[in-house]
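Q: Kindly return the folded structure for what I paste below:
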Amino acid sequence: MNSSSSEHATILVADDNPTNLKVLCSAIANLGWEILVATDGESAIEQAEYAHPDLILLDVMMPGMDGFETCQKLKENTITQDIPIIFMTALSETIDKVKGLSLGAVDYITKPFQPEEVIARINIHLKLCFLTRQLAVYNTELEQLVQERTAQLSQAQQELHESQLQLVQFEKISSLGQLVAGVAHEINNPLTFIGTSLDFLDNFISDLLYHLKLYHQFYPHPVEEIVEDAKDIELERMIVDLPKMISSMNVGVERIHKITTSLRIFSRADIFHKTSFNIHEGIESTLVLLKYRLQIHKNRLDVEVIKNYGNLPLVDCFPGQLNQVFMNIISNAIDAFDESASKILNEGKKFQGKIHISTAVKGNTYIIISIKDNGAGISPEVKERIFEQFFTTKAVGKGTGLGLSISRQIVEKQHKGKLSCFSKVGEGTEFVIEIPIK
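A: The predicted model follows:
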């Protein structure tokens with residue numbers, strides 16, 4: 001409808017009888033409706049397409065194209081098909097009325113007609129048309145509202161799912177941090193005692209060996225019983241080996257101390273606020289904890305880690321979370337080597353697994369961490385899904401499919417950075433982490 005209500009409508013009257021046109025136009029004009037006039041079917045179709053009236057009064061018996069054919073063409077045209085049509089005719093047979101209504105007309109007025117009847121019918125159909133169009137508008141608005149609400153609900157559901165994943169990860173890191181910190185603390189106490197005792201023991205043994213040296217110097221010929229006992233206990237070997245044993249024990253204590261330090265660095269549970277952190281310390285602590293998996297043994301390849309560290313500033317971040325990202329990515333690279341190890345070893349091929357880790361500053365605002373392996377690579381189909389939750393290519397029980405999904409959440413949601421993957425089958429895989437410095 002061209003207007004907002006039936007009070008300001010446009011009516012097209014198609015009739016070849018001048019008397020009928022005069023009577024209808026006079027009655028319609030008094031009601032304030034705009035009137036368009038056509039005297040044949042072709043003219044009626046042309047005006048309907050151009051002016052798009054709100055209602056058409058269509059005579060059946062017209063020269064050339066009759067009203068039935070005109071109605072059919074109007075209903076076949078997408079521009080005019082929704083305009084209501086009222087037939088006016090002297091044909092009063094039921095078959096003619098049925099034909100007109102079946103062609104899409106909304107009403108049928110039999111001549112001779114009374115102007116009052118025509119006006120009443122026009123009023124009714126204009127109101128029906130107006131209400132139908134209003135209903136269509138309301139339906140469109142309602143459909144749009146439903147789509148918007150559906151999108152909002154979908155977004156809310158996604159955000160809820162991500163929040164749940166983050167909470168699980170935070171709880172996991174927090175619990176792990178508390179557990180590891182407690183274990184490291186419990187280890188450090190006896191470790192400190194052992195280290196201190198070894199220092200004293202080293203001094204004691206040095207003094208004892210010096211005392212034995214003096215004894216041997218001033219009493220070079222002891223009794224036979226002492227000579228035999230020295231042979232039994234292999235005194236000469238003991239004098240040589242004891243300092244070596246003390247040195248080896250000190251190395252072991254230092255190794256344990258390094259592991260406990262790495263555990264504390266790796267599991268830092270700074271969950272609720274960011275703190276300045278040395279990224280290289282986090283990477284190194286991760287490598288210390290994974291050292292046993294980098295060494296060759298049965299059904300496992302030796303993996304070489306090649307580091308190319310840039311001059312990085314301290315980064316404001318959640319250290320425990322970033323260390324978890326390093327752990328997930330490096331562990332996945334080792335897993336990939338392990339999966340292909342048996343095949344490579346069985347075929348007798350020579351292969352050196354390598355993991356390249358490099359860091360650099362980008363534009364004074366970001367740091368870049370690249371972790372690249374020379375493994376089998378990832379197919380395009382798998383690469384498209386590696387960050388999906390619960391997607392994994394590992395056997396049942398060997399992977400949850402959450403590692404990389406959580407890693408992306410940590411990098412992109414928690415740190416406003418970016419985690420990208422680049423891979424070609426047969427050429428290895430590279431993960432690039434971008435983290436803002438501040």
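
Q: Now do the helices in the stretch 301-438 of the chain.
A: Using DSSP state H, counting those that start in this stretch, the helices of the stretch 301-438 of the chain run over 319-346, 380-383, 403-408.

Q: Please identify the most buried of the ones you listed.
A: Per residue and on average, the most neighbours among the helices of the stretch 301-438 of the chain fall to helix 403-408, with a mean of 21 (mean count of other C-beta atoms under 10 Å). C-beta coordinates here come from the backbone N, C-alpha and C atoms, glycine included.

Q: Counting by contacts, list what that one packs against.
A: If you count contacts as 3 or more C-beta pairs under 8 Å, 6 or more residues apart in numbering; DSSP states H and E, helix 403-408 packs onto helix 115-218, helix 319-346.

Q: Just want the angle from the first one to helix 319-346.
A: For helix 115-218 against helix 319-346, the angle between stretch directions is 80 degrees (axes from the mean of the first three to the mean of the last three C-alpha atoms, to 10 degrees).

Q: Show me what the helix or strand following helix 115-218 is in contact with.
A: Sequence order places helix 224-232 as the next helix or strand after helix 115-218, per DSSP states H and E. With C-beta atoms under 8 Å, 6 or more residues apart in numbering as the test, helix 224-232 has contacts from residue 236.

Q: and helix 224-232, how far from the chain's centre?
A: 77 Å (C-alpha atoms, centre = their mean, to the nearest Å).

Q: Likewise for stretch 248-265?
A: With C-alpha atoms, centre = their mean as the basis, stretch 248-265 stands 39 Å off its chain's centre.

Q: again, but for stretch 322-335
A: With C-alpha atoms, centre = their mean, you get 19 Å for stretch 322-335.

Q: Need the per-residue pLDDT for the nearest residue to residue 373 once chain neighbours are set aside.
A: Nearest non-adjacent residue to residue 373, counting by C-beta to C-beta, 6 or more residues apart in numbering: residue 333, 4.1 Å away. For residue 333, the model assigns a pLDDT of 86.

Q: quick one: residue 18 and residue 127, what's the gap?
A: Separation of residue 18 from residue 127 (C-beta to C-beta, to the nearest Å): 30 Å.

Q: out of these two, which sits in the more crowded spot?
A: The residue with more neighbours, out of residue 18 and residue 127, is residue 127; 13 against 9, by other C-beta atoms under 10 Å.

Q: Tell me who's in contact with residue 104.
A: 71, 72, 74, 75, 81, 85.

Q: try 6 Å
A: residue 75 (C-beta atoms under 6 Å, 6 or more residues apart in numbering).
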